[in-house]
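Chemist: Need a 3D model of the sequence below.
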Amino acid sequence: MNDEGRTTKDGEPRALVVRRRSLVTVSPFHRVRRVGLWLIGRLYPQPRPPGAGPRSLLLIRPDHLGDVLFLTPALHALRSRLPETKITLLVGPWGQAAIAGNPDVDAVVICPFPGFERRGRRGGFPVVSASCPRKSGQRIAETVAWMRRRGGFPIVSASCPRKPGQRIAETIAWMRENPPLRMAPYRQLFATARQLRAGGYDAAVVLRFDHWWGAWLAAAAGIPRRIGYDWPETRPFLTQAVPYRADRHEVVQNAGLLATLAAAPPAPRLRGEWAAPQDWGDGGPLGPVRFAVTQADREWAATWLIAHGADPARPLCAIHPGAGAAVKQWPPAAWAEAANRLAPVLSVVGGTRLGAVILLTGAATERSLTAAIAARLSVPALDAAGQTTLGQLAALYECCAIVLGSDSGPLHLAAAAGAPTVHLYGPVDPAKFGPWGDPARHAVLTTPWPCAPCNRLDWPAEALPQHACMAAIAVEDVVRAACCVMRDA
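Modeler: Predicted coordinates:
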């Protein structure tokens, strides 16, 4: 019998579990790390989680703009169900602006989470791929060789018995004494844990499924109730592990995790259409992604547009060409062609005879990208790359008739600001990370490549020409989607 139609004990489609496991490759280093984390996790108490709602709650969200915005619908639902709970959000410096001014959060604590700085990766261990099988014993030999290069590992001999807890203590002591393992993240973990102890939190939720550092942090901070996803690296530090559903949108995923904090509602049901909104589980719908745009930001946007010659009678079409990974970017020439074709078309769809104004947005590091597009345009464009804060960018998007771009946080920011959007997806799955909102206002275009979505974003620069799935999205499809969204919005 095949796995089609069968489910696991947690209700997850078995075929989905099998497929996900087949895609996950575990290197020898990660195998060793899992064992080490399991041993360390045994140091921390595992009390039975209480049923009542917490008095003081810590939410750990290490990710960037889009993931923080995806938390806001569930956060709003949680606030309405636990109005007396003090909710503190632990985010990176890169996520602070995304949650600023949100009334559903009582406090924001900043932590520069290791590994989320979006810098170039250094070193690493060669990944063992299922497509590249090893001979018997080869993985063990590779692991031993790797450990020797890294400075060794304490050897535990069967002929030298240890007292209970001694092996764990020796392992931790060895980790602290060996700089090849880059001890800075662990020093930061314990320093942050000392700071969090003063918060008196009685519950913590680790919102990223594989964030073992955050789960360890919650345990080291002495937080008695620790909730997260049932993942090998995080599980040892949790008091309550929730199954991770790979077929759920991240907004629904967040709601399912936070629903464990409220005694009454179960995990949210998964539905297929925005017309019947995803709910928390007790009938209350999950609303849109939220971002607080201030009046000062709106005034700045209005002033900036006037200073740069934008005609308020002409529709504003924004293009955000950048993305968090180069493999997710659509070619600049394609953006320029789409903009040249959209400018006269959108003016007719928008009910005016005047041509649309093209607005290019991006970070300061993306100025060369927006400049390359502007150089190919048949009409001058407004280029705001590197000139806005996050709030000012959202205020600009509020003024737009439509916003187009690759899969990125700013596109989700545009949706939160209320602008109609067109999102282009290549290696990332839009079923999990697509726009959260009415499909009539937020169109999704995907690459026709059969290997997508592969969810791999870390290709080196020299390999990008072989992974140009985004370039396969046709300009005609982008223009058509933009016109449909403009007409229906």
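
Chemist: Figure out how far the host helix or strand of G405 is from the centre of its chain.
Modeler: G405 is part of strand 402-406 when elements are defined by DSSP states H and E. From the chain centre to the centre of strand 402-406 is a distance of 19 Å (CA atoms, centre = their mean, to the nearest Å).

Chemist: Which neighbouring elements make contact with it?
Modeler: When contacts are defined as 3 or more CB pairs under 8 Å, 6 or more residues apart in numbering; DSSP states H and E, strand 402-406 packs onto strand 316-320, helix 409-416, strand 421-425, helix 475-488. Bear in mind the C-beta positions are built from the backbone N, C-alpha and C, glycine included.

Chemist: gap between the two ends of stretch 287-302?
Modeler: Terminal residues of stretch 287-302 are spaced 28 Å apart (CA to CA, to the nearest Å).

Chemist: Next, the buried residues of it.
Modeler: G287, P288, V289, R290, F291, V293, D297, R298, W300, A301 (16 or more other CB atoms under 10 Å).

Chemist: Contacts for that stretch, please.
Modeler: Here stretch 287-302 makes contact (CB atoms under 8 Å, 6 or more residues apart in numbering) with 69-70, 72-73, 76-77, 98, 100-104, 251, 277, 389, 391-392, 394-396, 398-399, 412-413, 415-417, 436-437.

Chemist: Report the buried members of those.
Modeler: 69-70, 72-73, 76-77, 98, 102, 104, 251, 391-392, 394-396, 398-399, 412-413, 415-417, 436-437.

Chemist: returning to that earlier point: what pairs with the strand holding G405, parallel or antiparallel?
Modeler: Sheet pairing of strand 402-406 (DSSP bridges) gives strand 316-320 (parallel), strand 421-425 (parallel).

Chemist: Got the domain ranges for the chain?
Modeler: Using automatic domain parsing, the domain parsing of the chain gives 1-291, 295-488.

Chemist: With mean pLDDT added, can I get those domains in JSON lines?
Modeler: As requested, the domains of the chain are exported to JSON lines (pLDDT from 0 to 100):
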{"stretch": "domain 1-291", "mean pLDDT": "74"}
{"stretch": "domain 295-488", "mean pLDDT": "94"}
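
Chemist: what's the most buried one of those?
Modeler: domain 295-488 (a mean of 19; mean count of other CB atoms under 10 Å).

Chemist: Find the nearest non-adjacent residue to V109, please.
Modeler: Excluding the flanking residues, the one nearest V109 by CB to CB, 6 or more residues apart in numbering is L90, at 4.9 Å.

Chemist: Can you list phi and psi of the spatially most central residue of the chain for me?
Modeler: Central residue of the chain (CA atoms, centre = their mean): D67, 3.7 Å from the mean position. The phi/psi pair for D67 (degrees, to the nearest 10) reads phi -70, psi -40.

Chemist: next one: I87
Modeler: According to degrees, to the nearest 10, I87 has phi -110, psi 120.

Chemist: correct me, but it touches R61?
Modeler: No: between I87 and R61 there is no contact under CB atoms under 8 Å: 11.8 Å.

Chemist: Make sure I have this right: the residue nearest to V109 is in a helix.
Modeler: No: according to DSSP: H, G, I helix; E, B strand; the rest coil, L90 belongs to no helix; its state is strand.

Chemist: quick one: the strands in the stretch 251-400 of the chain?
Modeler: 316-320, 357-360, 382-383 (DSSP state E, counting those that start in this stretch).

Chemist: Dump those to TSV, plus distance to F209.
Modeler: Formatted as TSV, those follow (distance: least, CB to CB, whole Å):
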stretch	distance to F209
strand 316-320	27
strand 357-360	35
strand 382-383	38
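
Chemist: and K432, what element?
Modeler: Going by DSSP H and E, K432 is in helix 430-433.

Chemist: and after that helix, which helix or strand comes next?
Modeler: Helix 430-433 is succeeded, C-terminally, by strand 442-446 (DSSP H and E).

Chemist: give me phi/psi at P450?
Modeler: phi -70, psi -20.

Chemist: ranges for the helices of the stretch 251-400 of the chain?
Modeler: 295-307, 332-349, 367-374, 390-398 (DSSP state H, counting those that start in this stretch).

Chemist: Need the residues that contact the shortest one.
Modeler: Contacts with helix 367-374, where a contact means CB under 8 Å, 6+ apart, come from 319, 321-322, 329, 332, 335-336, 339, 360-362, 380-381, 383, 385-386.

Chemist: Mind doing that once more with 10 Å?
Modeler: Contact with helix 367-374 is made by 319-323, 329, 331-339, 358-363, 380-387, as judged by CB atoms under 10 Å, 6 or more residues apart in numbering.

Chemist: the inter-axis angle of it versus strand 316-320?
Modeler: Here the directions of helix 367-374 and strand 316-320 differ by 130 degrees (axes from the mean of the first three to the mean of the last three CA atoms, to 10 degrees).

Chemist: could I have helix 367-374 exported to CSV, CA atoms only?
Modeler: Taking C-alpha atoms only, helix 367-374 is exported to CSV below (Å, rounded to 0.1, in the frame of the first residue of the first chain):
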residue,chain,number,x,y,z
ARG,A,367,20.9,51.2,-5.4
SER,A,368,22.8,49.6,-8.2
LEU,A,369,19.9,47.3,-8.9
THR,A,370,17.3,50.1,-9.1
ALA,A,371,19.7,52.2,-11.1
ALA,A,372,20.1,49.4,-13.7
ILE,A,373,16.4,49.2,-14.1
ALA,A,374,16.0,53.0,-14.3
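
Chemist: what helices or strands is the helix or strand containing A218 leaning on?
Modeler: Using DSSP H and E, A218 falls within helix 212-220. If contacts are counted by 3 or more CB pairs under 10 Å, 6 or more residues apart in numbering; DSSP states H and E, helix 212-220 sits against helix 28-41, strand 56-61, strand 86-91, helix 184-197, strand 203-206, strand 225-229.

Chemist: can you do 8 Å?
Modeler: Packing partners of helix 212-220 (3+ CB pairs under 8 Å, 6+ apart): helix 28-41, strand 56-61, helix 184-197, strand 203-206, strand 225-229.

Chemist: Among the ones you listed, single out whichever gets nearest to T421.
Modeler: Distance to T421, taken as CB to CB, is lowest for strand 56-61 among the helices and strands packed on helix 212-220, at 22.7 Å.

Chemist: Packing partners of that closest one?
Modeler: helix 65-81, strand 86-91, strand 203-206, helix 212-220.

Chemist: Turn the ones you listed into TSV, columns for distance to A372.
Modeler: Shown next, in TSV, are those (distance: least, CB to CB, whole Å):
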stretch	distance to A372
helix 65-81	23
strand 86-91	32
strand 203-206	40
helix 212-220	37
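
Chemist: Out of the ones you listed, flag the one nearest P465.
Modeler: So among those, helix 65-81 is nearest, using CB to CB, at 26.4 Å.
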